[in-house]
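Novice: Curious how this folds, go ahead:
(chains A and B)
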There are 2 protein chains.
Amino acid sequence: MKIEMLSTGDEVLQGDIADTNAAWCGQALSDMGLSFSRRQTVADNLDDIVDAMAQAAKRSDWVLVNGGLGPTSDDLSAEAAARLLGTELELNQDWLAKLQAWYQAQDTPMPSSNLKQAMLPKGATLVDNPIGTACGFIIEYAGAQLIFTPGVPSEFKQMLQQQWFPLLAKQQPQAQGEVKRFYTFGLSESSLSDRLDGFALPEGARLGYRSARPSIEVKVFYPRPEAQFTALIDSLREHLAEHVFSEDQSDWALHLQQLMIAQNKKLVLAESCTGGMLASELVAVAGSSAYVERGFVTYSNQAKQQSIGVPESLLAEYGAVSIQTSQAMAEGALRHSEADIALSITGIAGPGGGSEEKPVGTVCFSLADGKQCFSQQLQMFNRSRSVVRIMSTAVAMDMLRRYLTGLPVMGDYQHLKRVVSKM
Amino acid sequence: MKIEMLSTGDEVLQGDIADTNAAWCGQALSDMGLSFSRRQTVADNLDDIVDAMAQAAKRSDWVLVNGGLGPTSDDLSAEAAARLLGTELELNQDWLAKLQAWYQAQDTPMPSSNLKQAMLPKGATLVDNPIGTACGFIIEYAGAQLIFTPGVPSEFKQMLQQQWFPLLAKQQPQAQGEVKRFYTFGLSESSLSDRLDGFALPEGARLGYRSARPSIEVKVFYPRPEAQFTALIDSLREHLAEHVFSEDQSDWALHLQQLMIAQNKKLVLAESCTGGMLASELVAVAGSSAYVERGFVTYSNQAKQQSIGVPESLLAEYGAVSIQTSQAMAEGALRHSEADIALSITGIAGPGGGSEEKPVGTVCFSLADGKQCFSQQLQMFNRSRSVVRIMSTAVAMDMLRRYLTGLPVMGDYQHLKRVVSKM
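Specialist: So this is what the prediction gives:
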């Protein structure tokens, strides 16, 4: 089934508001095994809207028109629909009655501008809007059905869920598709593609990649849930191996929280260049107080010495960005807390502060558990301050994930060169 | 000048990612007095992409094509461009040399799939990408120019700013307008609009609002820089008064950094519900080590006691989310650091942990300077965990901004009810 979406509105085109309706609907369709074949936004101009509607109708089975049903003069969708059909707008008595009742219940006279919202193209089928003054409607053109919906997100969502999705489900051939997602870390999109190139896919299945820093998502679509599909997933899991951070769970912090709580462990953090980013990422998940014990943002050398006991002599000898300092930070954080595991990060995020020996992008990491301490120094190339900090946070999270799942704590990361490692 | 945007990618259509590039570019064009006449997203299907390109080219002067330049098989933009022109892809030696040098610098062999990124339609003009492996290019079709750009937002933005916008500016007939921006905090968009309604604007000038949480941006466009314009800005500044966080500077953290460095002050943070978000926000700015001394993420009660000396009795009597605890956190953080000013935040971010007396969204803040301590308890209504944390971070930053500029430290925030305040 071919479905297109057509939104109207200068605010969206000018970037003043983001088109969240489209993203929401795209996800909802994808859960039904459907998807938009095209999405467009057209300025508030009658000719352009009519033209876009006509072309979309010729290409598809359904056109979802969003916006332009308000009471003001720049709301043009109903007029455009009438023009498309070569007909006129006429007063819909049912909707007029509903509007009048709505205002009566609020003891308010109906503004005359609302009359416009009861004017529908001749022959259109009314679609109820239980929570707003803009009704929806459906027309047919060039073999396609066009459904007109209000721009207000709550009204849009309710109308689709209650009225359009059930229509689609009825028209859809029975079997729904399945999607399996692997969230990977450490391999680039191109080497993932190299690695899975020539991977034997059962007929009808297809692979997709999506870069969602720091993850790269590998997803496989398959038309029907069959035994082949289970075998395919097992085989992909084997190919991607330890590079899979999580499956079907894009939130790394939530995944780590589940692992930490299952193992009844508490965590302390000592951050320098990331400056609280790791702590904040973990605390973003509800329930994180069950395992995040505390964090130290030891940004200055004095903070490293005073708050978590990094020896001054060690800082003087090896520098704040060194594997020795990261180890002392992790072990010191463990001593200065009630936690079982400590993660530390210290690095040069740039743009200043680099040297020939330790250029911008040099970052040291340690994970200490009171018995062992795993440390590594990585080098990130050509990275902005923001990317160095985001990637550093991701590496620390990956070290913890690897530790908790019994994998080697230090992984091989493409584009992140390991300079030193120490266990 | 008619400009359309054409994005490719199933991820956008399926709502897996929001199209932030389009919104960003819409705003940037609007600042140049230009706008998109249409924006569309097409699935990763060669025929559909070629068809959309052809139609967009026929309607406009410029088509901005975004995405589909990656190394994988679902990246189809260059192939579609060649098909549109009825020509072939050929290896661009300049870009190949650049790719090879890039990988050589990283001491990594170039994956063969990257070769694809150097294959451009015959006759295309290369557009440099200084920070990524996907080059851009320009072709001509049906009297329009089509520019192909990478989907990665940082690469997209840099390419447009450095290469496309200057081209547009050259082609644009009239002189460019001026834009003045005020980044406000504390007033809602509707009350800003009420406040500035009936504001006498010189001919040709117009006001715009944009919600960019936590700021609301008030911008005024004016066709030419004239004396009238200066008077208009002065008058707007007076109207908006202390609600202006910064002018022409959307980065609050950078603004605070400049104020702190100018006053030669050092800062320490004690965060509970924000969990390092404030520290991370400040440290995101290069050069922040000049004033961010350290931070404590005192998430557990033990951390509050042990790391910054909040008395156990005080936690027992008033609770972790209280004006007394926030004050003890700020004063304790000051004692346990070398800083001049301390900011503390403790609150209930939810969704759990609320009570009748202190519902979700209750947040306490203190600012201490060793002489005085300013504290307040605010109530945020109907807010998600994420919004409570973002708004809390913003309120703390606003308290610091007010302190540093000699304003009352506690502002009036619409939609944030002040429950208690103490000086």
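Novice: so what pLDDT did the residue in the stretch 301-423 of chain A positioned nearest to chain B get?
Specialist: Closest to chain B within the stretch 301-423 of chain A is A:Ala303: 3.4 Å, counting by Cβ to the nearest Cβ. Where you see a C-beta, it was placed from the backbone N, CA and C, and this is true even at glycine. A:Ala303 carries a pLDDT score of 96 in this model.
Novice: Work out for me the element it sits within.
Specialist: Element membership of A:Ala303 [criterion: DSSP states H and E] is helix A:301-308.
Novice: counting contacts, what elements does that helix pack onto?
Specialist: Secondary-structure packing of helix A:301-308 (3 or more Cβ pairs under 8 Å, 6 or more residues apart in numbering or on different chains; DSSP states H and E): strand A:292-297, helix A:312-318, helix A:323-335, strand B:292-297.
Novice: coming back round to it: how many other residues sit next to the residue of the stretch 301-423 of chain A closest to chain B?
Specialist: A:Ala303: 25 surrounding residues under other Cβ atoms under 10 Å in any protein chain shown.
Novice: Surely A:Gln172 touches A:Met1?
Specialist: Yes - counting by Cβ atoms under 8 Å, A:Gln172 does reach A:Met1; the two are 6.3 Å apart.
Novice: Identify the contacts common to the two.
Specialist: Common neighbours of A:Gln172 and A:Met1, using Cβ atoms under 8 Å, 6 or more residues apart in numbering or on different chains, are A:Leu34.
Novice: need the contact list for A:Val419.
Specialist: Contacts of A:Val419 by Cβ under 8 Å, 6+ apart are A:Thr362, A:Gln377, A:Leu378, A:Gln379.
Novice: ok so the third one is a strand residue?
Specialist: Yes - under DSSP: H, G, I helix; E, B strand; the rest coil, A:Leu378 falls within a strand.
Novice: ok, back up a step: I'd like the distance between the residue of the stretch 301-423 of chain A closest to chain B and B:Ser188.
Specialist: Using Cβ to Cβ, to the nearest Å, A:Ala303 is found at 39 Å from B:Ser188.
Novice: Also A:Thr362?
Specialist: Applying Cβ to Cβ, the value for A:Thr362 to B:Ser188 is 45 Å.
Novice: These two - which one has more neighbours?
Specialist: Between A:Thr362 and B:Ser188, counting by other Cβ under 10 Å, A:Thr362 is the more crowded of the two (26 against 13).
Novice: The more buried one is in contact with A:Val321, isn't it?
Specialist: Yes - assessed by Cβ under 8 Å, A:Thr362 is found in contact with A:Val321 at 5.8 Å.
Novice: okay, and the common contacts of the two?
Specialist: Each of A:Gly347, A:Ile348 lies in contact with both A:Thr362 and A:Val321 under the rule Cβ under 8 Å, 6+ apart.
Novice: Does A:Ile233 touch A:Lys180 like I think?
Specialist: Yes - if you go by Cβ under 8 Å, A:Ile233 and A:Lys180 touch, sitting 5.3 Å apart.
Novice: joint contacts of those two?
Specialist: Common contact partners of A:Ile233 and A:Lys180 (Cβ under 8 Å, 6+ apart): A:Val220.
Novice: List the beta-bridge partners for the residue nearest to A:Asp369 when sequence neighbours are not counted.
Specialist: Closest residue to A:Asp369 in three dimensions, ignoring its sequence neighbours and counting by Cβ to Cβ, 6 or more residues apart in numbering or on different chains: A:Ile341, at 5.2 Å. In this entry, A:Ile341 is beta-bridged to A:Leu267, by DSSP bridges.
Novice: Pull the number of nearby residues for A:Ile341.
Specialist: Neighbours of A:Ile341 (other Cβ under 10 Å): 23.
Novice: And for A:Gly132?
Specialist: Using other Cβ under 10 Å, A:Gly132 has 19 other residues around it.
Novice: That one against A:Pro153, yeah?
Specialist: No - using Cβ under 8 Å, A:Gly132 makes no contact with A:Pro153, being 10.9 Å away.
Novice: Might you report the residue contacts of the closest residue to A:Ile131 other than its chain neighbours?
Specialist: Leaving aside its chain neighbours, A:Ile131 sits nearest to A:Glu155 (5.6 Å; criterion: Cβ to Cβ, 6+ apart). Applying Cβ under 8 Å, 6+ apart to A:Glu155 gives the contacts A:Asn129, A:Ile131, A:Gly132, A:Ala134, A:Thr149.
Novice: buried set for whichever strand or helix holds A:Glu155?
Specialist: Per DSSP H and E: A:Glu155 is located in helix A:153-159. For helix A:153-159, the neighbour count (16 or more other Cβ atoms under 10 Å in any protein chain shown) marks A:Glu155, A:Phe156, A:Lys157, A:Gln158, A:Met159 as buried.
Novice: and which of those is nearest A:Thr405?
Specialist: Nearest to A:Thr405 out of the buried residues of helix A:153-159 is A:Lys157 (Cβ to Cβ; 37.9 Å).
Novice: Now the closest one. Nearest residue, chain neighbours left out?
Specialist: Once flanking residues are discounted, A:Lys157 sits nearest to A:Trp24: 6.5 Å by Cβ to Cβ, 6+ apart.
Novice: where are the low-confidence patches of the stretch 201-350 of chain A?
Specialist: By pLDDT under 70, the low-scoring segments of the stretch 201-350 of chain A are A:224-226.
Novice: Chain B contacts on that one?
Specialist: Selection of the stretch 201-350 of chain A residues close to chain B by Cβ under 8 Å from any Cβ of the partner chain yields A:208-212, A:269, A:271, A:273-280, A:282-284, A:286-289, A:292-300, A:302-303, A:306-307, A:336-338, A:349-350.
Novice: Make a PyMOL selection of the buried ones in these.
Specialist: For the buried members of those, the matching PyMOL selection, counting by 16+ other Cβ under 10 Å, is:
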select buried, chain A and resi 208+209+210+211+269+271+273+274+275+276+277+278+279+280+282+283+284+286+288+289+292+293+294+295+296+297+298+299+300+302+303+307+336+337+349+350
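Novice: Okay, strands next: where are they in the stretch 151-300 of chain A?
Specialist: Here the stretch 151-300 of chain A has its strands, by DSSP state E, counting those that start in this stretch, at A:178-184, A:206-212, A:215-222, A:244-247, A:267-271, A:292-297.
Novice: Please name every helix or strand in contact with the fourth one.
Specialist: The criterion is 3+ Cβ pairs under 8 Å, 6+ apart, and the helices and strands that strand A:244-247 contacts are strand A:178-184, helix A:252-262, helix A:385-404.
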